[in-house]
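*Asks:* kindly return the folded structure for what I paste below:
(2 chains)
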Amino acid sequence: MQQPAFIRKYVHLLSSASLLWAGAAYSQIKDTTTLQEVRVDAKRLPAGLNPVTAIQVLSGPKLQRLNSLSVADAVRYFSGVQLKDYGGIGGLKTINVRSMGTNHTAVSYDGLVLGNAQNGQVDLGKFSLDNISEVALYNGQPPTLLQPARAFSAGNVLALQSCTPQFSNNEQWHGKVSLKTGSSGLVNPSLLWQQKITSHIYSTVSTEWINANGRYKFRYTNGKYDTTAVRQNGNVNAFRAEAGLNGLLADSSSWSVKYYRYQSTRGLPGAIVANHFNYGQHLEDRDQFVQASFHSDPHKQYRILVNAKYSDLYSRYIDPEYPNEQHLLDNYYHQKEVYVSLANEYTINRWWESSLAADFISNTMDANLYRFPYPTRYTTLVALASRVHLPQLEIQGNLLATLVNEKVQTYESAGPKREYTPSLSLAWKPFAQQHLWLRTFYKHIFRLPTFNDLYYTFIGNNNLKPEYVQQYDAGFTWQQPMRGRWLYISLQADAYYNYVKDKIVAVPSDNLFGWSMMNLGRVDIKGIDVVLNTAVQPFKELLVNAGINYTYQQAQDVTSGKGGFNYGQQIPYTPWHSGSFTLGADWRSLALNYSFIYTGERYSQKRNIPVNYVQPWYTSDLSASWTLTHQSFTNKLTFEANNLLNQYYDVVLNFPMPGRNYRLTLSISR
Amino acid sequence: MMSVNNLYRTLLCSLLLLAACRKDIVLPQVDSVDISGYSRPHDITPAMQGLYVLNEGNMNMNKASLDYLDLATGRYSRRLFEAYNPEVTKGLGDVGNDIQIYGSKMYIVVNNSNKVEVVDAATVTRIKQLNIRQCRYVVFYKGNAYITSNDGYVSVVDTASLTETGRIKTGRNPEQMAISGNKLYVANSGGYSPPNYERTVSVINLDTQQELKRIDVAINLDRLALDPYGDLYVTSRGDYYTVPSRLYVIDTHTDTVKKQFNIAASNIFIHKDLAYIYSVAWSYITHSNTISYALINVKDDTLLTKQFITDGTDKQIVIPYGILVDPDTEDVYVSDALDYVSPGILYCFDKSGKKKWSVETGDIPGHFVFLKKN
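*Replies:* Next up is the predicted model:
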């Protein structure tokens, strides 16, 4: 295959699934004599690709060119995903995969789940893409055996992978300085420095500051009134710092340690309702964690992975308009987590591996809320997994045991919980010469009620049971390398049926907030996800990538009996049709990208009636970047224009999104 | 081979196709339905021609809405405010909390939109918007409107000029009001500061606009209803945990508490000699609501065993949220808010307690006012 020298070339070798996905749990130092893990835009199909489950990955240049400021922006390009976005740079953004609800998706960072016992959500807007090399979505769980038990414990996993230093023999350090600026007063400088301390120890320091005033125009009209106003109180001031070490020992074991800190203050722009556009609430966050990993292959048939993590999440909510005695609501929430995990994998024979992982998690929470019980939760997870792989067939199964015990300092705690949940997946390659895999999987999983669900003042219900999901999926992955100008085409399609039982919902209750939490809902979800990718090289200097995602969802409320007022209705904020299209072109030192996202009509409330109808929205984004290499420095200038047609839309009703906006980024790296 | 230019051109064309996917904006319209099974006695000379129903709408949804029942024909119309006032930005607003008519004007208190919409009572066309922060309830006396605000005061508005002329300080988070003679009674809840709830009813002289005294009753006071005999009924919401909701009676001649009823009470409506009460009480032990209904004879202050719903329909009502008695027919209206996020239901029961009809309303129907015949 002929590739011009000046087109940057990365080759993604998926020679063994375990190498790729186990790599998520530890940073592997490679030197030039071993197989390198690098990425390719234009791929001739690599050998040994083994897609046991549906996987979507955004990494490398493809991730960078998507006009994404944070992980939240990037996940919109995945099929089967809805992003609940409250608007602006600082607005809350949570992911919901296949309509199961945001609490059913675990977000992991370098292999370890980012836990939040308080509300079970991760605000993806807080994770900038600056130090992220890969974002991957796994339906079910990542198909690697050697991983923490916690990786099996959610309906889906969104895995974030930070940048791993890679040095060739004579390189000692890498650095990158970048400055991003743009609409809403965005100023975002960042710094990355990777150092080869010894030939076996590398360090990474990554730091970033984001400041934006968060102001943007929005517009509401009903055909008669036509109001344009400016979003206020959406400012964000955030700082992130990461420092890590990764090392390789003499026996090829590897280890890594990382410290991560994110702190921010942001205004909380409220719902735009008649005569009430401006609010004064704000939120302070300070999140930090330290995690360590150790991976070893002590014996050719035995491998071990040890992980440990301590995380400390603090947030403070301030409402100067709250009509209490002090005319100020100032609540802080402080959660701590201690986490340890031991995973073992044993190769039984040439076609059969098995693993056993045990995790222990301790969560505590402190808050200055009225009648707060100060809960502590101890969770033990044990996962037994097995994998049988024949040349044209792969079967994976796992059983997860979850044991939870809780205690409180005051009032009453939730009872203990014991759950045993299985998962089974099968992949079959019917034709040896064709890259076609037929897949199916089944997973029974649940999510525990959060501390908010159980204990929040007035609303909490310590009697809550977990919320269960059964997932059934059947699909295929087909990849075809081509000859000539058309490089490849890959198609992944899945049809699925999910059933959510004992969904934790808020029901009317007589207290200040008017709600209490109950296990009441049932949801029937049927959907289709399609992902199509292709690349064309019309002539030597031009490489064109295109991708289409389409999702069809029918997610019906099938709560019956008590609370069953909306039987058969599509659940709120779930469009029937949604999708995205991206088109990228690399020509010499110029890279252009066009992205289009479409979210179809949906309803803002349970009853699908005209008054609850929400219009479809779609945005077009364009970016152009120019890379210049001079001596050993790479200079890159990127210009992005988002929402080109300046469409005014709401993802969540009454929380308007920005219209047309721009960003300019300059980065220098070596 | 497609050039990059061609690619972009094709894209733009497909985009324009999709632009048709967004529906055209339709001006708000009234949505009407003829209530099936509707009937009204023909042997009465009714004083009322219509019933306005104010739906609160769940907070932040901007779904407060105004419905109207034509009592003669049984035609129920929804979302009148936006249809008759399409130029009002974002319509009626967020959390409609009270609706009253004074003279020819109707006052709609929209709590989280920080406004009171003053409209013509017969045509619903807007006259003026009053900006009052976190407004709750409205009552009238001698050309003035008195509106409680969660910020701890009553706003005094001159109903001729529709301007605020003063404020009277009350306890924290005042709720409903009642007027007896020249005295204004205000229920102080203090509900936003648990466990430091307020315990008093403020008594204000409306001629001097000065607070006369505060009557100590119980924590977290909410509703007030005056009976024809000078007694003021007050509901207490309790502390939602160990202190239950209760009902108290104040003698307005002495301004002291004269009786306590050991029943839970969320809302009360008094018509002639009867007080109609419902209560929604959440139990943290059973993790469910207990709904109950009661009748009190207000002449001798006794709790009756009689019920005002006698045919079992009370078991169907999920969350009673409003109650009203028709002065012409003595029918009892009870609204059901269901799960707060679905359209509610308005039930009508005849004076023997049997359901006459029901109709779907907006979200969280809870407040009513009759439109008199002119």
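
*Asks:* number of residues surrounding residue 166?
*Replies:* If you meant another chain, say so; for now it's chain A. Using other Cβ atoms under 10 Å in any protein chain shown, A:Q166 is surrounded by 19 other residues. Using the backbone N, CA and C atoms, a C-beta is placed for each residue, glycine as well.

*Asks:* try chain B instead
*Replies:* 12.

*Asks:* what's the distance between it and B:D314?
*Replies:* Remark: distance between B:G166 and B:D314 (Cβ to Cβ, to the nearest Å) = 44 Å.

*Asks:* what comes up buried for stretch A:430-447?
*Replies:* Buried residues in stretch A:430-447, counted by 16 or more other Cβ atoms under 10 Å in any protein chain shown: A:435, A:437, A:439-447.

*Asks:* next step: those residues restricted to strands.
*Replies:* A:437, A:439-447 (DSSP state E).

*Asks:* dump those residues into CSV; add pLDDT and distance to A:S203 as well.
*Replies:* Below are those laid out as CSV (pLDDT from 0 to 100; distance: Cβ to Cβ, whole Å):
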residue, pLDDT, distance to A:S203
A:W437, 92, 40
A:R439, 94, 40
A:T440, 95, 44
A:F441, 94, 39
A:Y442, 96, 43
A:K443, 96, 39
A:H444, 97, 42
A:I445, 97, 37
A:F446, 96, 40
A:R447, 96, 37
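
*Asks:* of those residues, which ones also sit close to chain B?
*Replies:* Near chain B, judged by Cβ under 8 Å from any Cβ of the partner chain, there are no entries from these.

*Asks:* can you list the residues of the stretch 151-300 of chain B near chain A?
*Replies:* B:151-152, B:172-173, B:190-196, B:237, B:240-241, B:245, B:266, B:280-282, B:284, B:287, B:289.

*Asks:* please spell out the PyMOL selection for the buried subset of those residues.
*Replies:* Selecting only the buried entries of these in PyMOL, with 16+ other Cβ under 10 Å as the criterion:
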select buried, chain B and resi 151+152+172+173+190+191+192+193+194+237+240+245+266+280+281+282+284+287+289
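
*Asks:* what sits against A:A624?
*Replies:* Applying Cβ atoms under 8 Å, 6 or more residues apart in numbering or on different chains to A:A624 gives the contacts A:590-593, A:638-639.

*Asks:* flag the shaky bits of chain B, pLDDT-wise.
*Replies:* Chain B contains residues with pLDDT under 70 at B:1-20.

*Asks:* mind listing the helices for it?
*Replies:* Assigned by DSSP state H, the helices in chain B fall at B:4-19, B:80-84.

*Asks:* next one: chain A
*Replies:* With DSSP H, the ranges of helices along chain A come out as A:17-22, A:60-64, A:71-75, A:451-455.

*Asks:* tell me how far B:L371 lies from chain A.
*Replies:* Counting by Cβ to the nearest Cβ, to the nearest Å, the gap from B:L371 to chain A is 23 Å.

*Asks:* what's the local residue count around the nearest residue to that residue once chain neighbours are set aside?
*Replies:* Of all residues not flanking B:L371 in the chain, B:G50 sits nearest, at 4.0 Å (Cβ to Cβ, 6 or more residues apart in numbering or on different chains). Using other Cβ under 10 Å, B:G50 is surrounded by 19 other residues.
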